[in-house]
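**Student:** Here is a sequence with its predicted model. Questions after.
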Amino acid sequence: MSSSPRSRSSQTAIFALAVGAALIGLIALLLYLGKNVFDEAGKFVTGLFPPIAVTAEGAQIRDLYTIVFLVAVAIFIVVEGLIIWSVIRYRRKPGDDTLPPQIHGNNIAELVWTVVPTLIVIFLFVVSWQTLNAVDTTSAAPQTKIKAIAGQFQWQFDYLSDDGSKVLYTELIPLAKDGGGMTVPAGRSVVLGLVSNDVIHAFYVPQFLFKRDVVPGHLNQFEFTVDASNAGQVFHGQCAELCGTGHSIMLFDVNALSGAAFDAWLADKIAKANATPAPAPSGVSGDAIQISALGVKYEQTAVTAKADAPFRIDFDNKDPGTPHNVAIHKDSPTGEEVFKGEIFNGVAKKTYTVKALPAGAYAFVCTVHPTMTGSLTVQ
């Protein structure tokens, strides 16, 4: 026997009251637990979105993501809402011993679930096409031209002349903490060319919301403009394509300066690069220390030098096209830097002259590749 309409209404009212009481109880619990719950909820919602973009192009990509996300949320709410409504509305009730009337096909429903998804896909295609075209557009006369050269396992940044035919300055140190990184003018357009010397790498800065492969034998380039309000900030980047055993150390920084500060920085770097190097100091006695690098590691792991006397380091960089140097740190590879030799690409050799050091334990480190280390004992 089926239940009466009045009993069904009573059951529905009881169910609605139970759901409402549960929601009120949940809200009260959240209020009781306090601010931390809402902070975590806020972090969860924020985590559904990419980082805040620091470039004009990244802002367009984030806008596209927001559009796609909102469309997905709307579809989720509609679909899940219909499922919940159907479960409640058509649930089996006491006394329902027979199947309800069966419906075979509905032209209106079939038309809706065919046309609506088609329109959504067309809309997403159009907005994605517009955004990708805008992001991939390169100006005919960008204000700054830089070439990023990737190699196992480091980055090199060449600053080019306006026509791109001449290298004005080369930065071999990839990280800002070591005094390097790719420096760019905030508020100006920058065209970055990507070149690989060996295998496939990838240029990725999370706050740019952009990743592009660096392919051997092929020049990839893109344009970006860091927002002027981000001048003075440093953004961390990395190779995002597994490129070998040293992939994890292939990091770099992007230093954003104001336009005037960038011009002064680049002029200073060019002047220093073109300056005639000072002659090596004379009077260095004793045997030179022999250090060589191959395969992104030092071939010597322990060397010694005389205390309280200047000495030489004959450094042989055997890695083709890879920048290395020898820097000396007190006590450990992360200790105070007491000497830093010039960074240069291999295959090549240089002789460093090191001032007298007191007796003690030291480490020698490659500034470009901090995982390259060895011990120096001064006695």
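**Tutor:** That came through, no problem.
**Student:** so where is this structure shaky, pLDDT-wise?
**Tutor:** 1-22, 25-47, 276-287 (pLDDT under 70).
**Student:** Helices along that one, start to end?
**Tutor:** 5-33, 35-47, 56-89, 107-136, 259-274 (DSSP state H).
**Student:** for residue 265, what are its contacts?
**Tutor:** Counting by C-beta atoms under 8 Å, 6 or more residues apart in numbering, residue 265 makes contact with 183, 257. Where C-beta positions appear, they are placed from N, C-alpha and C, glycine not excepted.
**Student:** Ok, residue 298 next?
**Tutor:** 291, 292, 364, 366, 372, 373, 374.
**Student:** which residues does it bridge with?
**Tutor:** residue 293 (DSSP bridges).
**Student:** Dead centre of this protein: give me the residue that sits there.
**Tutor:** residue 205 (3.0 Å; C-alpha atoms, centre = their mean).
**Student:** Skipping its backbone neighbours, what lies nearest it in space?
**Tutor:** Spatial nearest neighbour of residue 205, chain neighbours left out: residue 237 (4.0 Å); criterion: C-beta to C-beta, 6 or more residues apart in numbering.
**Student:** Equivalent analysis for residue 55, please.
**Tutor:** residue 224 is the one closest to residue 55 (C-beta to C-beta, 6+ apart), at 4.5 Å.
**Student:** any idea how far residue 346 is from the one you found?
**Tutor:** 31 Å (C-beta to C-beta, to the nearest Å).
**Student:** which of those two has more neighbours?
**Tutor:** For residue 224 versus residue 346, the count of surrounding residues by other C-beta atoms under 10 Å is larger for residue 224: 20 against 17.
**Student:** Next, format the contacts of residue 298 as JSON lines and append neighbour count and distance to residue 201.
**Tutor:** Listed next are the contacts of residue 298 as JSON lines, based on neighbours: other C-beta atoms under 10 Å; distance: C-beta to C-beta, whole Å:
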{"residue": "291", "neighbour count": "21", "distance to residue 201": "28"}
{"residue": "292", "neighbour count": "16", "distance to residue 201": "26"}
{"residue": "364", "neighbour count": "26", "distance to residue 201": "27"}
{"residue": "366", "neighbour count": "25", "distance to residue 201": "19"}
{"residue": "372", "neighbour count": "21", "distance to residue 201": "19"}
{"residue": "373", "neighbour count": "17", "distance to residue 201": "24"}
{"residue": "374", "neighbour count": "19", "distance to residue 201": "27"}
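**Student:** Could I get the residues you listed in CSV, plus columns for distance to residue 57?
**Tutor:** Converted to CSV, those look like this (distance: C-beta to C-beta, whole Å):
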residue, distance to residue 57
291, 44
292, 43
364, 42
366, 34
372, 35
373, 39
374, 43
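**Student:** picking up where we left off before, what's opposite the residue nearest to residue 205 in the beta bridge?
**Tutor:** Residues in beta-bridge contact with residue 237 (DSSP bridges): residue 252.
**Student:** Would you quantify the distance from the residue nearest to the centre of the chain to residue 113?
**Tutor:** Distance from residue 205 to residue 113, counting by C-beta to C-beta: 41 Å.
**Student:** what sits against the residue nearest to residue 205?
**Tutor:** So residue 237 contacts 182, 203, 204, 205, 206, 208, 251, 252, 253, 254 (C-beta under 8 Å, 6+ apart).
**Student:** For residue 98, see how far away the second one is.
**Tutor:** Okay, so that is residue 203. Residue 203 is 66 Å from residue 98, by C-beta to C-beta.
**Student:** Please identify which of those two sits among more neighbours.
**Tutor:** Ranked by neighbour count (other C-beta under 10 Å), residue 203 and residue 98 place residue 203 first, with 24 against 7.
**Student:** List the residues that contact the more buried one.
**Tutor:** So residue 203 contacts 148, 150, 192, 194, 211, 212, 214, 237, 239, 240 (C-beta under 8 Å, 6+ apart).
**Student:** Pretty sure the residue nearest to residue 55 sits against residue 207.
**Tutor:** No - contact between residue 224 and residue 207 fails when scored by C-beta atoms under 8 Å: they sit 11.0 Å apart.
**Student:** where do the contact lists of these two overlap?
**Tutor:** Joint contacts of residue 224 and residue 207 (C-beta under 8 Å, 6+ apart) are 55, 58.
**Student:** neighbours around residue 263, how many?
**Tutor:** 13.
**Student:** What sits closest to it if chain neighbours are left out?
**Tutor:** Using C-beta to C-beta, 6+ apart, the nearest residue to residue 263 is residue 185, at 7.6 Å.
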